[in-house]
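*Asks:* structure for the following, please:
(one chain, ligands or ions: 1)
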Amino acid sequence: MEYRILGNTGLQVPVIGMGTWQTFDVRGEAARKNARAIVDTALAAGANFFDSSPMYGEAERVLGETLQGRRAQALVATKVWTSSDREGRAQVQRAFQYFGGYIDLYQIHNLVNWREHLAMLEQLRDAGQVRAIGATHYSSSAFGELALVMQTGRITAIQIPYNPLEREVERTILPLAADLGLGVVVMRPFAQGALTRRSPSAAELAPLRSFGVTTWGQALLKWILSDTRCHVAIPATSRRERMAENAVAGEPPWFGAEERALVARLAQRSM
Ligand SMILES: NC(=O)c1ccc[n+]([C@@H]2O[C@H](COP(=O)([O-])OP(=O)(O)OC[C@H]3O[C@@H](n4cnc5c(N)ncnc54)[C@H](OP(=O)(O)O)[C@@H]3O)[C@@H](O)[C@H]2O)c1
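*Replies:* Numbers count the residues shown, from 1 in each chain. Prediction:
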């Protein structure tokens, strides 16, 4: 697993982490056991960066349970997501309970109520309970406002969508992040699974084999991470074998322009 410095956060992150939207919003013994097995696999592979949010139902709680007794091995990125200051403070207190009293990267989800939440998170960072502050948005329609928040100088990381079908961040957000030295967390590497429904053939993927790529999922992850302005991609999965498969994509060598163009072409055709 390659590790990169998450911009000005200073955090050392694996290039492959894990998301928890839907996949960790689970109840019941069997589902929780499965979640633990996925986290076991992630940690064993060095993919120790985990993203969650109070928007994801049970996910924060379930992730917290899987990290019991081994919190220090993980980097936890979660979010505050509410228009209410009071509920925002309550979300933070719940997250501290789940994750051992501190959060590595606290993000403002979808920029909701960002001015107020930013002030609260800055206080928590100064008190040592939050290591770094970030902001996220999934929609290119909000990238103007995201750029504004980036330019305040008050956040050190962003989380944005980036995959061969969603390349809007290439226009302003990625260049700005690089200029400002911000960490970049990549959500939706598989376009919420839309990109992995149909896989190119083994023959089509053959030119990528010398890059350690044996599956379509790995090709998509390497496409993202070959742009070194991106620091960590967070694919979500409900299957432990896929967590292991995805982690393999965190090994160099990285693609050049030719391989990236090939993956972009195959992605268009897989839709
Ligand atoms: N979606 C958003 O708008 C959004 C917004 C903010 C933050 N995020 C964060 O970003 C994370 C990732 O985004 P996402 O969950 O929307 O989507 P994603 O990671 O792009 O795609 C997840 C889907 O890909 C499948 N998958 C995973 N590994 C695979 C592989 N190797 N081969 C084939 N299929 C594979 C999973 O199915 P299986 O479970 O069957 O493996 C799942 O259905 C979220 O979990 C969340 O933490 C997302």
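*Asks:* how about the strands in this structure?
*Replies:* Listed in chain order, the strands of the chain (DSSP state E) span 3-5, 12-14, 49-51, 75-80, 103-108, 130-136, 157-161, 183-187, 232-233.
*Asks:* ok, now which ones touch the residue of the stretch 151-271 of the chain found nearest the ligand?
*Replies:* Residue of the stretch 151-271 of the chain nearest the ligand, by CB to the nearest ligand atom: residue 217 (2.8 Å). Placement of C-beta: from N, CA and C, glycine included. By CB atoms under 8 Å, 6 or more residues apart in numbering, residue 217 lies in contact with 190, 196, 235, 242, 245-246, 249.
*Asks:* residue 133 now?
*Replies:* Applying CB under 8 Å, 6+ apart, the residues near residue 133 are 105-108, 118, 121-122, 125, 154-157.
*Asks:* show me what it is bridged to.
*Replies:* residue 106 (DSSP bridges).
*Asks:* and it, how far from residue 122?
*Replies:* Residue 133 is 7 Å from residue 122, where distance means CB to CB, to the nearest Å.
*Asks:* residue 146 now?
*Replies:* 18 Å.
*Asks:* tell me which of the two has more neighbours.
*Replies:* residue 146 (26 against 14; other CB atoms under 10 Å).
*Asks:* which of the strands of the chain sits closest to residue 28?
*Replies:* strand 49-51 (20.7 Å; CB to CB).
*Asks:* is the ligand within reach of the closest one?
*Replies:* Yes - applying CB under 6 Å from any ligand atom, one finds strand 49-51 touching the ligand at residue 51.
*Asks:* just give me the residue closest to the centre of this structure.
*Replies:* Geometric centre of the chain, nearest residue: residue 234, 3.4 Å, by CA atoms, centre = their mean.
*Asks:* quick check: it touching residue 15?
*Replies:* No - Residue 234 is not in contact with residue 15 according to CB atoms under 8 Å; the separation is 10.4 Å.
*Asks:* any shared contact partners between those two?
*Replies:* Contacts common to residue 234 and residue 15, judged by CB under 8 Å, 6+ apart, are absent.
*Asks:* ok so, going back, overlap in contacts of residue 133 and residue 122?
*Replies:* With CB under 8 Å, 6+ apart, residue 133 and residue 122 have common neighbours residue 154.
*Asks:* check what pLDDT residue 269 gets.
*Replies:* Note on residue 269: pLDDT of 88.
*Asks:* please renumber the chain so that the first residue is 362 from this point on.
*Replies:* Got it, first residue is 362 now, which makes that one residue 630.
*Asks:* can I assume it is in contact with residue 562?
*Replies:* No - Residue 630 is not in contact with residue 562 according to CB under 8 Å; the separation is 10.6 Å.
*Asks:* not including adjacent chain positions, what is the nearest residue to the residue in the chain that the ligand sits nearest to?
*Replies:* Proximity of the chain to the ligand (CB to the nearest ligand atom) peaks at residue 380, 2.3 Å away. Excluding its sequence neighbours, the residue lying closest to residue 380 (CB to CB, 6 or more residues apart in numbering) is residue 597, at 3.7 Å.
*Asks:* what's near enough to touch the one you found?
*Replies:* Residue 597 neighbours (CB under 8 Å, 6+ apart): 379-385.
*Asks:* dump stretch 420-434 to CSV, keeping only the CA atoms.
*Replies:* C-alpha atoms of stretch 420-434 as CSV (Å, rounded to 0.1, in the frame of the first residue of the first chain):
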residue,chain,number,x,y,z
ALA,A,420,-22.8,3.4,9.7
GLU,A,421,-20.9,5.5,12.3
ARG,A,422,-22.0,3.3,15.1
VAL,A,423,-21.2,0.1,13.3
LEU,A,424,-17.8,1.4,12.2
GLY,A,425,-17.0,2.4,15.7
GLU,A,426,-17.9,-1.1,17.0
THR,A,427,-15.6,-2.7,14.4
LEU,A,428,-12.7,-0.5,15.7
GLN,A,429,-13.2,-1.3,19.4
GLY,A,430,-9.8,-2.1,20.9
ARG,A,431,-7.9,-1.0,17.8
ARG,A,432,-8.9,2.6,17.2
ALA,A,433,-5.3,3.7,17.1
GLN,A,434,-4.7,1.6,14.0
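*Asks:* quick check: the residue nearest to residue 380 vs residue 537, distance?
*Replies:* Distance from residue 597 to residue 537, by CB to CB: 26 Å.
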